[in-house]
Structures are given as structure tokens and as C-alpha cells.
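S.K.: structure, please.
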Amino acid sequence: MVHLSPELKSRLSIPLSIGSFEVNSRVLQSPLSGVTDLVFRRLVRRYAPASMMYTEMVNATGLHYVKQLPKLMEVDPDERPISIQLFDCRPDFLAEAAQMAVDEGADTVDINMGCPVNKITKNGGGSSLLRDPETAEAIVRAVVKAVKVPVTVKTRIGWTEKEINAVEFGQRMQDAGAQMLTLHGRTRAQGYNGPAKWEWIGRVKQVLSIPVIANGDIFSVEAAIRCLEQTGADGVMCSRGTLGYPFLVGEIDHFLKSGELREPPTASERLQCAREHLQMLWEYKGDRGIRQARKHMTWYAKGFPGAADLRGQLCNIETVDQGCELIDRALAQLAEISADLDANRFDRLTAEVDSESTSLAIAS
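M.R.: Numbers count the residues shown, from 1 in each chain. The predicted structure is shown next:
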């Protein structure tokens with residue numbers, strides 16, 4: 001059974017203040033490369049309308065040389081609260097990119113200092129900035145000076161187990177003007193392996209006065225509450241837990257606000273969401289959307305009879321009609337299974353009633 005301590009409930013009942021900007025939710029949807037496009041954010045926001053959403057991370061150097069902003073930077077005019085995440089190692093390019101982000105409608109600008117991928121770190125971006133705190137600090141100062149919206153940082157606890165510098169790094173980001181720090185409880189060397197070290201998030205929270213958001217291993221309402229209780233963080237950010245499950249942010253947000261667990265979606269409801277996701281990606285991106293949809297579809301297809309076979313088929317779809325036909329067939333099979341189960345339950349209940357009636361007749 002999940003319970004909120006009185007102290008936690010009181011502290012999390014008020015809006016999250018990010019500098020001058022307020023968010024009426026303590027649960028955030030993480031920026032995820034190749035995932036958190038406008039379509040995905042719409043699905044998450046359906047169940048968590050007040051939560052902060054993040055775009056996929058945008059390369060500031062790339063923005064410097066293009067005439068037209070990339071599609072992954074596109075946001076709806078009414079899509080709020082929304083943050084655009086940027087990455088690079090050049091303070092001037094990031095300052096310029098931040099101005100573009102604000103012009104696009106960003107309520108905050110987030111600087112990625114946590115991505116562990118080699119192609120990002122080898123060029124000085126992402127989590128490599130943990131090893132170059134002077135440049136990281138210069139980046140934050142330059143971006144803060146360039147825009148009037150709050151500037152935030154997302155990072156990790158350190159480069160390796162022997163180079164954990166989350167407390168010192170977080171202090172420098174705050175001193176440079178960052179208005180919020182999101183901390184993934186793993187090192188860069190860990191990638192996404194091993195458990196997140198939430199204890200380091202707690203240590204950083206004890207030192208900083210700006211909001212600290214906990215990230216890493218938030219796969220359920222129960223995990224979110226345990227993390228918040230253990231770390232004292234000001235909120236949680238959901239990442240991989242939302243892959244194929246855009247309901248998670250809303251489930252956690254609902255519990256924090258009401259103390260009640262929202263009924264989880266059935267397998268059929270998850271597949272219906274997958275079908276809608278596929279159609280929306282097709283309408284938004286065409287053939288490229290179908291290719292991107294393959295991974296999403298396989299994430300949805302879990303936890304029900306026939307899921308493994310369905311995953312194998314969905315990862316090879318070429319058209320939206322092909323994907324919808326596969327999902328519709330799976331939905332029909334689930335409906336048959338449900339009907340069979342209901343029939344079996346009815347037979348058992350009938351047998352129990354008949355048995356009870358016979359017993360009563362004998363007793364009389």
C-alpha cells in the first residue's frame with residue numbers, strides 16, 4: 001500500500017516554483033531523444049495536463065547554422081508548461097539557441113549536462129561537462145544572461161564511481177544562476193545499468209536552495225513515493241518508465257494530489273493508445289513517423305497473451321494500415337479472451353449457486 005507522509009504531502013501540495021515560473025505539478029516528463037516529440041507529449045499531457053513537458057534535446061551548434069528550426073523544436077502555441085532542452089559545450093552558441101527556444105514558446109530553457117552517449121560526450125556536451133565544471137558554469141551564466149525565462153540543468157551524479165561530484169557541481173550550477181537542477185542518480189559510466197543511487201540526490205537536495213528534481217528508476221507510483229521520501233526532492237522526472245506507457249506521469253501526479261491510486265489501463269486500453277500514437281505519428285511525420293513508430297509499438301506490446309509475437313510483427317511495419325491491422329487483430333483476440341474468462345466466471349458462479357441451493361434443500 002502506498003502512503004504519503006504528512007510532511008511530504010504538505011510540501012508537495014503547493015506549485016513547483018522554477019524561478020519566477022510556477023508549475024502546478026511535481027511530476028515532470030523527461031526529455032528523451034527520439035521519443036518526446038510533439039505527438040508523444042500530447043499523449044502524456046492527456047493524463048497529466050499540468051505537468052512540465054520537455055522537447056527532445058536540440059544541438060545548439062546545429063541551430064547556429066540552419067535557416068529553419070528543426071521539427072523536434074516545434075511546440076504547440078497552447079502547449080504549456082513546456083521546456084526546450086539544449087546541448088552543446090559552447091556558451092555563445094547555447095545563449096543564441098536559448099533565445100530561439102524562447103521565441104518558440106519555451107517557458108524554461110534546460111541545458112543537458114547528463115547525456116551519456118559517446119557522440120555527444122566526445123564533442124564536449126552532455127555528461128562530459130561533469131568533468132569540465134568551469135565550462136558548465138560559463139554556459140549557465142551565458143544562457144541566464146541571454147534570456148528572461150528560468151534556466152535549468154539536467155545532469156548525473158558524476159562521471160564514474162570514483163568521480164562523483166554531484167554536490168559540488170550542483171552548487172556551481174546554482175551559483176551560476178540555474179533555477180532548478182534535475183539529477184539522474186547514475187554516473188555516466190553506469191549508463192542505464194544498475195540501480196539509481198538516490199542517496200546522492202538527497203545529499204544534493206540538502207545543500208541547494210533551488211528545486212532539485214529526482215530522476216532515475218521512476219517506473220511506478222510506488223517508486224516515485226519511495227524516491228521522494230528517501231531524497232526529500234522537490235519532484236520527480238519520469239524517463240524510461242513512460243516508454244509505451246504515457247500514463248505514468250499522470251498516475252503519479254494524481255496520487256500526489258489526491259492520495260488515491262488511479263486505476264491502471266487495461267491491455268486493450270494500452271493497445272488502443274498505441275494505435276492512436278501510430279496514426280498521430282503518421283499524420284505528423286509521414287513515412288518517417290512510421291519508422292519511428294516501430295519502437296513505440298513494441299514498447300506498448302507487453303504484458304498480455306500474444307504480446308511477444310505482436311512485438312515481432314510491429315517492429316517491421318511499413319505502413320500505418322499494416323500497423324493498425326495488427327493492433328486491431330490483437331484487440332480482437334484480447335476481447336475473445338476476456339469473453340471466455342467472463343463465461344468461465346459465470347459458469348463457476350452458477351455452479352456455486354446450484355451447490356448452495358442443493359445444500360439448503362438437503363438441510364431443510
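
S.K.: where does the stretch 251-364 of the chain dip in pLDDT?
M.R.: Where the stretch 251-364 of the chain drops to pLDDT under 70, the residues are 342-364.

S.K.: now the helices: where do they sit in it?
M.R.: Ranges of helices in the stretch 251-364 of the chain, per DSSP state H, counting those that start in this stretch, are 267-285, 287-300, 307-314, 320-363.

S.K.: distance to residue 164 and mean neighbour count added to the ones you listed, as JSON lines?
M.R.: No exception for glycine: its C-beta is placed from N, CA and C like everyone else's. Below are those laid out as JSON lines (distance: least, C-beta to C-beta, whole Å; neighbours: other C-beta atoms under 10 Å):
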{"stretch": "helix 267-285", "distance to residue 164": "37", "mean neighbour count": "19"}
{"stretch": "helix 287-300", "distance to residue 164": "31", "mean neighbour count": "19"}
{"stretch": "helix 307-314", "distance to residue 164": "37", "mean neighbour count": "16"}
{"stretch": "helix 320-363", "distance to residue 164": "44", "mean neighbour count": "12"}
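
S.K.: centre of the chain to the host helix or strand of residue 183, how far?
M.R.: Applying DSSP states H and E as the criterion places residue 183 in strand 180-187. Relative to its chain's centre, strand 180-187 lies at 14 Å (C-alpha atoms, centre = their mean, to the nearest Å).

S.K.: how about the following helix or strand past it: buried residues?
M.R.: Where DSSP H and E defines the elements, the next helix or strand beyond strand 180-187 is helix 198-207. For helix 198-207, the neighbour count (16 or more other C-beta atoms under 10 Å) marks 198, 200, 201, 202, 203, 204, 205 as buried.

S.K.: quick one: the strands in the stretch 51-200 of the chain?
M.R.: 53-54, 58-59, 82-87, 108-113, 151-158, 180-187 (DSSP state E, counting those that start in this stretch).

S.K.: I'd like these as TSV, with mean pLDDT, distance to residue 329 and mean neighbour count appended.
M.R.: Output for those, formatted as TSV (pLDDT from 0 to 100; distance: least, C-beta to C-beta, whole Å; neighbours: other C-beta atoms under 10 Å):
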stretch	mean pLDDT	distance to residue 329	mean neighbour count
strand 53-54	98	33	24
strand 58-59	94	38	21
strand 82-87	97	37	27
strand 108-113	98	40	26
strand 151-158	98	40	28
strand 180-187	98	39	27
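
S.K.: could those strands be laid out in TSV, adding distance to residue 165?
M.R.: Converted to TSV, the strands of the stretch 51-200 of the chain look like this (distance: least, C-beta to C-beta, whole Å):
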stretch	distance to residue 165
strand 53-54	24
strand 58-59	25
strand 82-87	19
strand 108-113	12
strand 151-158	5
strand 180-187	10
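
S.K.: rewinding a little: which of the helices of the stretch 251-364 of the chain sits closest to residue 230?
M.R.: Across those, residue 230 has its closest neighbour in helix 287-300 (27.6 Å, C-beta to C-beta).

S.K.: which other helices and strands does that closest one contact?
M.R.: Packing partners of helix 287-300 (3 or more C-beta pairs under 8 Å, 6 or more residues apart in numbering; DSSP states H and E): helix 267-285, helix 307-314, helix 320-363.

S.K.: can you give the domain ranges for this protein?
M.R.: 6-258, 267-357 (automatic domain parsing).

S.K.: I figured residue 327 hits residue 277, correct?
M.R.: No. With contact defined as C-beta atoms under 8 Å, residue 327 does not count as touching residue 277 (10.1 Å).

S.K.: and the closest residue to residue 117 other than its chain neighbours, how many neighbours does it have?
M.R.: Nearest non-adjacent residue to residue 117, counting by C-beta to C-beta, 6 or more residues apart in numbering: residue 126, 6.7 Å away. Residues lying near residue 126 (other C-beta atoms under 10 Å) number 26.

S.K.: next: residue 5.
M.R.: 11.

S.K.: now it: how far from residue 228?
M.R.: If you measure residue 5 against residue 228 using C-beta to C-beta, to the nearest Å, the figure is 9 Å.

S.K.: what's next to stretch 216-226, contact-wise?
M.R.: Residues outside stretch 216-226 that contact it (C-beta atoms under 8 Å, 6 or more residues apart in numbering) are 2-4, 8, 27, 184-186, 195-196, 198, 227, 236-241, 248, 251-252, 255-256, 261.

S.K.: buried only: go through those residues for me.
M.R.: Buried subset of those (neighbour count, 16+ other C-beta under 10 Å): 4, 27, 184-186, 196, 198, 227, 236-241, 248, 251-252, 255-256.

S.K.: that older thread, any idea how far residue 184 is from the residue nearest to residue 117?
M.R.: 11 Å.
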